[in-house]
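Peer 1: Requesting a structural model of the entry that follows:
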Amino acid sequence: MTDNTSAATRNAAHVVVIGGGYAGVMAANRLTRRDDVTVTLVNPRPVFVPRLRLHQLVGGSHDAVVEYRDVLAERVRLVVDGVTRIDAAARTVALAEGGTLGYDHLIYAVGSASAAPRVPGVAEFAHSVATLEEARRLRSVMDATPASAPLTVVGGGPTGIETAAELAQQGRRVTLVSGGTLGPYLHPRARRTAARRLAHLGVTVLGASGSEGPEGTRVVAVTRDAVHLGDGRTLPSAVTIWTAGFGVPDLAARSGLSTDAAGRLLTDETLTSVDDERIVAAGDSAAPADRSFRMSAYAAGCLGAHAADTVLHRLTGERPEPVDLSFSAMCISLGRGTAVFQLARKDDTALPLYVGGRAGARLKEMSCEFSVKHLAKEAREPGSHSWPKGAKGAKGAKDARGAKGAQGAQGAQAAQGVGRGSSAGADRGGRVTVAVKS
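Peer 2: A predicted model of the protein is given here:
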């Protein structure tokens with residue numbers, strides 16, 4: 001496939017969006033608010049993957065796929081392929097299956113995946129849940145593994161907690177090696193609730209404060225049937241699941257664009273590449289100047305919308321605005337029917353307020369549902385998506401260590417007075433109503 005026509009010959013600006021996740025789909029849909037813009041979305045899969053559901057895919061309670069026809073605007077052209085290189089000078093992208101696509105503006109939304117493992121044996125013997133393909137492979141492995149076999153989940157972030165709880169609820173023997181603070185984003189009150197729920201499910205937690213073994217226990221090697229810890233212990237493990245860290249594709253670096261140490265595309269405060277104003281980044285793969293956002297579906301969708309706005313501003317000769325995004329919550333499921341919905345300040349630091357139990361699970365499910373519904377609404381009504389503002393970004397909040405997979409804060413508005421003895425619900429617009437019982 002080759003398409004090198006320019007805007008001058010088409011009388012329309014052509015925007016190529018690389019990546020069909022939360023950020024890419026939101027950006028592509030929003031760009032269709034202008035009739036004189038054509039949009040091509042390039043993604044290696046023919047389906048949208050709601051990554052918030054991947055631990056459910058492993059557990060068998062969700063297939064974690066949505067058809068693009070349900071979330072992508074009709075005017076967006078979908079190209080199912082990968083991108084191997086961006087030629088900024090020629091304004092083209094090289095496709096994995098051959099050919100090129102020309103562009104007038106480019107939105108870089110390649111997302112994130114598993115980090116390159118540094119611990120011996122992880123690449124050979126451990127499984128990940130970071131992508132659809134990895135989660136499906138793990139699901140097949142679990143189907144072939146006896147229910148009594150010992151399992152080890154490495155990583156005490158949301159993905160590790162959710163995966164461990166999902167499998168333990170099925171009666172699996174699960175050990176969770178945290179290696180540090182369990183659920184580091186959570187307030188201590190919510191963290192204690194999560195720890196109690198894991199214990200109730202039979203999960204053995206190692207390495208976290210108050211858990212079995214010394215705090216900070218780390219994995220030093222993984223073999224076919226065991227996990228070896230730094231304190232000398234060896235854990236029998238028929239299946240080892242690695243959730244300790246996320247990385248980003250190296251497409252930007254391979255294309256000669258400026259990146260940060262993690263490989264994310266360096267941008268200014270409008271999400272524009274520091275190398276080329278025709279390239280704008282969004283989602284997990286963006287590293288905006290002096291701003292740091294937690295890797296999450298919520299942030300990805302908002303950044304995708306802002307990236308599209310930046311492009312549209314440039315097309316009309318207007319000055320793009322700095323990105324402004326505040327957080328209100330994050331949530332972690334603890335098996336089916338229970339979750340912790342953690343309220344947050346605008347700068348994404350946890351408040352001592354949360355919703356747990358079944359109410360928390362309802363909010364978690366609502367968040368997962370609205371992460372997809374927001375995309376579908378933007379496809380029908382481009383420009384409609386909005387989000388809380390007032391915090392330019394919390395430095396240091398975007399810690400990729402096991403922090404993907406549970407951040408579905410869509411629809412959650414900052415609530416007051418949440419804690420034990422509270423109840424919560426949502427209206428049709430996705431707004432959260434919280435009432436404290438006296």
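Peer 1: Low-confidence stretches in the stretch 251-400 of the chain?
Peer 2: Under the criterion of pLDDT under 70, the regions of the stretch 251-400 of the chain flagged as low confidence span 391-400.
Peer 1: Helices of that one, start to end?
Peer 2: 251-254, 297-315, 357-380 (DSSP state H, counting those that start in this stretch).
Peer 1: For Arg192, find the nearest of the ones you listed.
Peer 2: With respect to Arg192, and counting by CB to CB, the nearest of the helices of the stretch 251-400 of the chain is helix 357-380 at 13.6 Å. Every residue, glycine included, has its C-beta placed from N, CA and C.
Peer 1: Just the CA atoms from that closest one would do, formatted as CSV, please.
Peer 2: These are the backbone C-alpha positions of helix 357-380, laid out as CSV (Å, rounded to 0.1, in the frame of the first residue of the first chain):
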residue,chain,number,x,y,z
GLY,A,357,-17.0,-3.9,48.4
ARG,A,358,-19.9,-4.3,46.0
ALA,A,359,-20.4,-0.5,45.6
GLY,A,360,-16.7,-0.2,44.6
ALA,A,361,-17.2,-3.1,42.1
ARG,A,362,-20.2,-1.3,40.5
LEU,A,363,-18.1,1.9,40.1
LYS,A,364,-15.2,-0.2,38.7
GLU,A,365,-17.5,-1.8,36.1
MET,A,366,-19.0,1.5,35.3
SER,A,367,-15.6,2.9,34.7
CYS,A,368,-14.7,0.1,32.3
GLU,A,369,-17.9,0.4,30.4
PHE,A,370,-17.6,4.2,30.1
SER,A,371,-14.0,3.9,28.8
VAL,A,372,-15.5,2.4,25.7
LYS,A,373,-18.7,4.4,25.6
HIS,A,374,-16.8,7.6,25.6
LEU,A,375,-15.1,6.5,22.4
ALA,A,376,-18.4,5.5,20.8
LYS,A,377,-19.9,8.9,21.7
GLU,A,378,-17.0,10.8,20.3
ALA,A,379,-17.4,8.8,17.1
ARG,A,380,-21.1,9.9,16.9
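Peer 1: Give the buried residues for it.
Peer 2: Burial within helix 357-380, assessed by neighbour count using 16 or more other CB atoms under 10 Å, is assigned to 357, 359-379.
Peer 1: next one: stretch 144-157
Peer 2: Taking 16+ other CB under 10 Å as the neighbour-count basis, stretch 144-157 is seen to contain the buried residues 150-157.
Peer 1: For Pro117, which non-adjacent residue is closest in space?
Peer 2: Residue nearest to Pro117 in three dimensions, not counting chain neighbours: Ala123, with 5.0 Å by CB to CB, 6 or more residues apart in numbering.
Peer 1: For that neighbour, grab phi and psi.
Peer 2: Per-residue torsions, Ala123: phi -60, psi -40 (degrees, to the nearest 10).
Peer 1: okay, the helices of the stretch 251-400 of the chain in TSV with distance to Val110 next?
Peer 2: What follows is the helices of the stretch 251-400 of the chain, written out as TSV (distance: least, CB to CB, whole Å):
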stretch	distance to Val110
helix 251-254	6
helix 297-315	11
helix 357-380	17
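Peer 1: So which of these is nearest Pro46?
Peer 2: The closest approach between Pro46 and any of these, judged by CB to CB, belongs to helix 357-380 at 16.2 Å.
Peer 1: Report the distance from that closest one to the chain centre.
Peer 2: The chain centre lies 14 Å from the centre of helix 357-380; the measure is CA atoms, centre = their mean, to the nearest Å.
Peer 1: now stretch 255-266
Peer 2: For stretch 255-266, the separation from the chain centroid amounts to 19 Å (computed by CA atoms, centre = their mean).
Peer 1: what about that stretch, start to end distance?
Peer 2: End-to-end span of stretch 255-266 (CA to CA, to the nearest Å): 13 Å.
Peer 1: What residues of that stretch count as buried?
Peer 2: Buried positions in stretch 255-266, judged by neighbour count with 16+ other CB under 10 Å: 255, 257, 259, 263-266.
Peer 1: With stretch 161-172 instead?
Peer 2: Of the residues in stretch 161-172, those with enough neighbours to count as buried (16+ other CB under 10 Å) are 161-169, 172.
Peer 1: One more: stretch 279-290?
Peer 2: Buried residues in stretch 279-290, counting neighbours by 16+ other CB under 10 Å, are found at 279-288.
Peer 1: One more: stretch 378-389?
Peer 2: Across stretch 378-389, burial judged by 16+ other CB under 10 Å covers 378-379, 382-383, 385, 387-388.
Peer 1: Need the contact partners of it.
Peer 2: Outside of stretch 378-389, the residues within contact range by CB atoms under 8 Å, 6 or more residues apart in numbering are 26, 29-33, 71-74, 298, 301-302, 305, 324-328, 346, 374, 377, 413-414.
Peer 1: 7 Å - rerun?
Peer 2: Counting by CB atoms under 7 Å, 6 or more residues apart in numbering, the neighbours of stretch 378-389 from elsewhere in the structure are 26, 29-30, 32-33, 71-73, 302, 305, 324-326, 328, 374, 377, 414.
Peer 1: Contacts only, for Ala300.
Peer 2: With contacts defined as CB under 7 Å, 6+ apart, Ala300 is in contact with 21-23, 283-284.
Peer 1: still on that earlier bit, just the pLDDT at the residue nearest to Pro117, thanks.
Peer 2: Looking at Ala123, its pLDDT reads 95.
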